[in-house]
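1. Next input, structure requested:
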Amino acid sequence: MKKLKWILSISVVILLMLSGTVLALTAEEIMKKVEDFQYADSVKMEVEMLIVNGKRQMTKTMTLLSRDSSALVEFTNPRDRGTKFLKIEDDLWMYFPDAEEVIKISGHMLEQGMMGSDFSYQDAMESEKLTELYDYSIIREEELDGRSCYVVEGIAKEGAKVSYYRRVSWIDKERFVILKEELYAQSGKLLKLLKTKKVEKIDGRWYVTESVMENKLRRNTRTEFRILSIEFNPEIPEDTFSLHNLR
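-> Next up, the predicted model:
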């Protein structure tokens, strides 16, 4: 009888160990769950952006269409109405309606704030999945604003074209969305801080609908990004992402 109890006890321990092994997620698996919610084949959204610079505030609204690695953004607020951005693969163009001029944005211009915001043009260019650009590891687990989180570190893969060498992200354990992210240069300097203000469940997926970006290289600035409406996987005409359609 004693032998039977001993065998049962050992079996329970082994089962618990196996269970823990199966349930424990790797950093790669955590980030892939984040990407499952974050990425869609195509997206249409209406967005409001509040840019705060000291006591000065500017509100910009825009319509964004994206599919695969292409995107078209058209500003709709009165001051910027008709201004457009077109992204195709790694190239970015901007159209100014007053001058009826198309300019290609490249080189150091990509690092500048988009329309005066804390988001750079390079930020807007990023469309590849993070797991294709970074090697991730779990550095700790902790609570953030009452939510249990994985804290994961991403280091840029060799040869990857990225804006930030290192990312530290707080991932909600239940909803698999990024609640906070610190973005660093290779020197270790903190460049930007992104905080999530609101998460909603839309079409069965958790999605960040309000966030705040702070550029730590600027003083007293922040940009609040708010999604007013979003549609996943809409039909988008084939010629939407073309220079001809930019004007």
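
2. from here on, contacts and neighbour counts on C-alpha atoms
-> Noted.

3. give me the number of residues near the closest residue to residue 157 other than its chain neighbours?
-> Setting aside the residues directly before and after it, residue 157 is nearest to residue 134 in space (Cα to Cα, 6 or more residues apart in numbering), at 5.1 Å. Summarising burial for residue 134: neighbours were counted as other Cα atoms under 10 Å, giving 20.

4. and if you look at residue 41?
-> By the other Cα under 10 Å criterion, the neighbourhood of residue 41 contains 11 residues.

5. And residue 32, by the same measure?
-> Using other Cα under 10 Å, residue 32 is surrounded by 16 other residues.

6. centre of the chain versus stretch 205-218, how much separation?
-> 8 Å (Cα atoms, centre = their mean, to the nearest Å).

7. Pull out the buried residues from it.
-> Counting neighbours by 16 or more other Cα atoms under 10 Å, one finds that the buried residues in stretch 205-218 are 206-216.

8. same question, stretch 54-63
-> Along stretch 54-63, the positions that meet the burial threshold by neighbour count (16+ other Cα under 10 Å) are 60-63.

9. Over to stretch 215-228?
-> Using 16+ other Cα under 10 Å as the test for burial, stretch 215-228 gives 215-216, 221-227.

10. again, but for stretch 124-138
-> By neighbour count, with 16+ other Cα under 10 Å as the criterion, the buried positions of stretch 124-138 are 125-127, 130-131, 133-138.

11. Straight-line length of that stretch, end to end?
-> Taking Cα to Cα, to the nearest Å, the first and last residues of stretch 124-138 lie 27 Å apart.

12. Quick one: mean pLDDT over that stretch.
-> For stretch 124-138, mean pLDDT rounds to 88.

13. residue boundaries of the strands in the chain?
-> Along the chain, counting by DSSP state E, strands occupy 42-53, 56-67, 70-75, 84-88, 91-96, 101-105, 134-144, 147-156, 166-172, 178-184, 190-202, 205-215, 221-232.

14. Out of the ones you listed, flag the one nearest residue 238.
-> Closest to residue 238 of those is strand 56-67 (Cα to Cα; 10.1 Å).

15. Quick check: neighbours of the closest one in the sheet, parallel or antiparallel?
-> For strand 56-67, the pairing partners within the sheet under DSSP bridges are strand 42-53 (antiparallel), strand 70-75 (antiparallel).

16. For the longest one, C-alpha coordinates in CSV please.
-> This file holds the C-alpha atoms of strand 42-53, laid out as CSV (Å, rounded to 0.1, in the frame of the first residue of the first chain):
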residue,chain,number,x,y,z
SER,A,42,-5.9,44.9,-44.4
VAL,A,43,-7.2,47.7,-42.1
LYS,A,44,-9.3,50.9,-42.5
MET,A,45,-9.4,53.3,-39.5
GLU,A,46,-10.4,56.8,-38.6
VAL,A,47,-7.9,58.4,-36.2
GLU,A,48,-7.5,61.5,-34.1
MET,A,49,-4.1,62.7,-33.0
LEU,A,50,-3.6,65.3,-30.3
ILE,A,51,-0.1,66.9,-30.3
VAL,A,52,0.9,68.7,-27.1
ASN,A,53,3.9,70.9,-27.1
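
17. now the buried residues of stretch 205-218 as a markdown table including pLDDT and distance to residue 110?
-> Converted to a markdown table, those look like this (pLDDT from 0 to 100; distance: Cα to Cα, whole Å):
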| residue | pLDDT | distance to residue 110 |
| --- | --- | --- |
| 206 | 95 | 30 |
| 207 | 96 | 27 |
| 208 | 96 | 25 |
| 209 | 97 | 25 |
| 210 | 98 | 24 |
| 211 | 97 | 21 |
| 212 | 97 | 20 |
| 213 | 96 | 17 |
| 214 | 96 | 17 |
| 215 | 94 | 15 |
| 216 | 94 | 17 |
